[in-house]
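Give me the fold of what follows.
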Amino acid sequence: MVMIEPIKGVCGEISLPGDKSITHRSFIFSSIAEGFSFIKNPNTGEDALRTLKIMQKIGAEISFEDKTIKIKGIGISGIKEPDDVLNAGNSGTTIRLLSGLFSGITGKLFVITGDSSLRKRPMRRIVEPIRLMGGFITGRRNGEFPPLVIVGRRLKGIEYEPEKPSAQVKSALILAGLNAESKTTILERVKTRDHTEIMLKAFGGKVSIEDKKITVFPVEKLYGREIIIPGDFSSASYFIVLTLLLSNSELVIKNVSLNPTRIYLIHVLRREGASIEILNEKVKNGERFGDIYIKSSNLSKIYISRNEAPLLIDELPLIGIMGTFLEEGVKVEGAEELRVKESDRIKLVVENLRNLGVLAYEFSDGFYVKRGNVKRGVVKTGFDHRIALSFSILGFLSKEGIYLEEAESIKISFPNFFDIARRAGYG
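Alright, predicted model coming up:
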């Protein structure tokens, strides 16, 4: 159990670990490209390293050089059949994206499992479209849950519209489409994070993007390159909220990903009066990044509609804890996807806030949190890194501090979170 002590303010400059989503994809594309790739400032949390270890097991040669990971790719046709079950740990990104890739590796067997949490997460959302492409993929309850068993086949291209907005489903189909007989088209109702499309182009692949219509074409070769990973915006969001809600605070977060599909939180906070500026914006390998400057601000409420929720899926637990400090609270709708993350995040946000003396109400697709005084108590994180990180911010903002029952999960995405918080905080 970890005690989270309150702090009076934050100031100065901080740099954050590399973006987790971009890191996953850089490891995958570098491994199936030909030649060498150099990944600078990668995220080294447990989730990303699960992807890296699996790529090593299928033949990629990997070495660590200071803050750079060097990968000698094997080419798409050089993927080896692993001699054992592959373990994705807690990472839904790993199992879903790689299931798409492996489905097109003809004649080779892949079995992917994960920890107890991952084995409860829904996989039919990728299994069904891969089967429509002619792939062989199954698992528990006919492919509903891991472990997943994949026998690679020559796939056919399809046109597919996912039932729910999902960058992981889209990315799985893009990776499957690299080895298909013809083009594959994904239709999105809501535009989701587009790191896979951007990185595929950077490695020499062919992908066409027309608004919410993404078409990927089969490729024979991809080519290794240098990739600089910007800071993780989801990690930045915790410090953005902390700075806004603390008095007499200002902070600069350096070299953060500013991909338009990732930073909707800034739009939401600005419309409620938050003082947030973007500085020194640049583009590298198609990805935008720059510095974020935040100052203490007076916010009164936040409302997240059904259409907005998919654009904020990682930040919604953090938005929930903000309601404790806003005069008119926070209401979130359309977030049923939170029920099937590493934990039931809707339930954990509401139950933990109630245990700390805050009025919070649970809906099937969201929650409502009223302003209130946080009393010292124990937070059950459900071994979920987003819950642990969000309630750490609540602890910093509280008057008495709180206890986290299990904080080890933070290592999944943000291993040095507490070190950075200690450097930025005062009082």
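
okay, CA-based contacts and neighbour counts for the rest of this
Will do.

Would you mind measuring from residue 116 to residue 382?
From residue 116 across to residue 382, the span is 12 Å (CA to CA, to the nearest Å).

more crowded one of those two?
Ranked by neighbour count (other CA atoms under 10 Å), residue 116 and residue 382 place residue 382 first, with 19 against 12.

I figured the more buried one was touching residue 346, is that so?
No: if you go by CA atoms under 8 Å, residue 382 and residue 346 don't touch, sitting 11.7 Å apart.

what bits of this structure have low per-residue confidence?
427 (pLDDT under 70).

Per the annotation, how does it divide into domains?
2-17+230-426, 20-228 (automatic domain parsing).

now the end-to-end length of stretch 136-144.
Stretch 136-144 has an end-to-end distance of 14 Å (CA to CA).

Tell me how many other residues surround residue 351.
Neighbourhood size, residue 351 [other CA under 10 Å]: 18.

Against residue 219, how distant is it?
Separation of residue 351 from residue 219 (CA to CA) stands at 49 Å.

hey, where'd the helices end up in the stretch 51-200 of the chain?
Counting by DSSP state H, counting those that start in this stretch, the stretch 51-200 of the chain has these helices, from start to end: 92-103, 124-132, 140-143, 167-177, 195-202.

So which of those helices is nearest residue 188?
For residue 188, the closest of the helices of the stretch 51-200 of the chain is helix 167-177, at 8.5 Å, according to CA to CA.

what is the orientation angle of the closest one with helix 124-132?
Helix 167-177 runs at 20 degrees relative to helix 124-132, counting by axes from the mean of the first three to the mean of the last three CA atoms, to 10 degrees.

other SSEs contacting helix 167-177?
Helices and strands touching helix 167-177, by 3 or more CA pairs under 8 Å, 6 or more residues apart in numbering; DSSP states H and E, are helix 92-103, helix 124-132, strand 184-187, helix 195-202.

The same query, at a cut-off of 7 Å, please.
Helix 167-177 sits against helix 92-103, with contacts defined as 3 or more CA pairs under 7 Å, 6 or more residues apart in numbering; DSSP states H and E.

So which elements touch the helix it packs on?
Helix 92-103 packs on helix 167-177, going by 3+ CA pairs under 7 Å, 6+ apart.

beta partners of residue 379?
As for beta bridges, residue 379 partners with residue 404 under DSSP bridges.

Tell me how far it lies from residue 342.
Residue 379 sits 16 Å away from residue 342, going by CA to CA.

More neighbours: those two, which one.
For the pair residue 379 and residue 342, the greater number of neighbours falls to residue 379 (26 against 22), based on other CA under 10 Å.

ok, now which ones touch the more buried one?
352, 403, 404, 405 (CA atoms under 7 Å, 6 or more residues apart in numbering).

Nearest residue to the first one in space, please, no chain neighbours.
In space, and not counting its chain neighbours, residue 352 is closest to residue 379: 5.6 Å by CA to CA, 6 or more residues apart in numbering.

ok, now residue 265?
Per CA to CA, 6+ apart, closest to residue 265 is residue 312, 6.5 Å.

From what I see, that neighbour and residue 266 are in contact.
No: Residue 312 lies out of contact with residue 266 (CA atoms under 7 Å); the separation is 10.2 Å.

State whether residue 207 and residue 218 are indeed in contact, as I suppose.
No: with contacts counted by CA under 7 Å, residue 207 stays clear of residue 218, the gap being 9.3 Å.

Run through the residues that contact residue 202.
The neighbours of residue 202, taking CA under 7 Å, 6+ apart as the test, are residue 285.

Please report how far it lies from residue 224.
Note on residue 202: its distance to residue 224, by CA to CA, is 9 Å.

cool, residue 34 as well?
Distance from residue 34 to residue 224, by CA to CA: 6 Å.

Now the closest residue to residue 344 other than its chain neighbours, what are its backbone angles?
Excluding the flanking residues, the one nearest residue 344 by CA to CA, 6+ apart is residue 338, at 6.1 Å. Main-chain torsions, residue 338, degrees, to the nearest 10: phi -60, psi -20.

thinking residue 338 is in contact with residue 347, fair?
No: judged on CA under 7 Å, residue 338 makes no contact with residue 347 at a distance of 9.0 Å.

who has more neighbours, these two?
Between residue 338 and residue 347, counted using other CA under 10 Å, residue 338 has the larger neighbour count: 21 against 17.

OK, contacts around the more buried one?
The contact partners of residue 338, by CA under 7 Å, 6+ apart, come to 344, 345, 346.

Could you point out which of those is nearest to residue 288?
residue 345 (29.4 Å).

Pull the contacting residues for the closest one.
317, 338, 339.

let's see it at 10 Å
316-317, 335-339, 351, 366, 381-382, 384, 386-387 (CA atoms under 10 Å, 6 or more residues apart in numbering).

Among those residues, name the ones in strands.
Among the contacts of residue 345, the members found in strands (DSSP state E) are residue 366.

ok, the contacts of residue 345 vs residue 413, which is closest?
Nearest member of the contacts of residue 345 to residue 413, counting by CA to CA, is residue 386, at 8.7 Å.

doesn't residue 413 make contact with the closest one?
Yes: the pair formed by residue 386 and residue 413 meets the contact definition of CA atoms under 10 Å, at 8.7 Å.

hang on, the earlier thing: residue 59: which of the contacts of residue 345 is nearest?
Of the contacts of residue 345, the one sitting nearest to residue 59 (CA to CA) turns out to be residue 384, at 31.2 Å.

burial count for that closest one?
By the criterion of other CA under 10 Å, residue 384 has 23 neighbours.

just to revisit the earlier point, reformat the contacts of residue 338 as CSV; add secondary structure and distance to residue 86.
Shown next, in CSV, are the contacts of residue 338 (DSSP: H, G, I helix; E, B strand; the rest coil; distance: CA to CA, whole Å):
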residue, secondary structure, distance to residue 86
344, coil, 25
345, helix, 27
346, helix, 30
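
Return the closest of the residues you listed with respect to residue 287.
Nearest to residue 287, judged by CA to CA, of the contacts of residue 338 is residue 345 at 29.4 Å.

That closest one and residue 313: what is the separation?
Distance, residue 345 to residue 313, by CA to CA: 10 Å.

what do those two both touch?
By CA under 10 Å, 6+ apart, the residues touching both residue 345 and residue 313 are 335, 336, 337, 338.

The residues you listed into a markdown table, with extra columns for distance to residue 14?
Output for the shared contacts of residue 345 and residue 313, formatted as a markdown table (distance: CA to CA, whole Å):
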| residue | distance to residue 14 |
| --- | --- |
| 335 | 31 |
| 336 | 33 |
| 337 | 31 |
| 338 | 29 |
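
Who wins on neighbours among the residues you listed?
residue 335 leads the shared contacts of residue 345 and residue 313 on contacts (other CA under 10 Å) with 24 neighbours.
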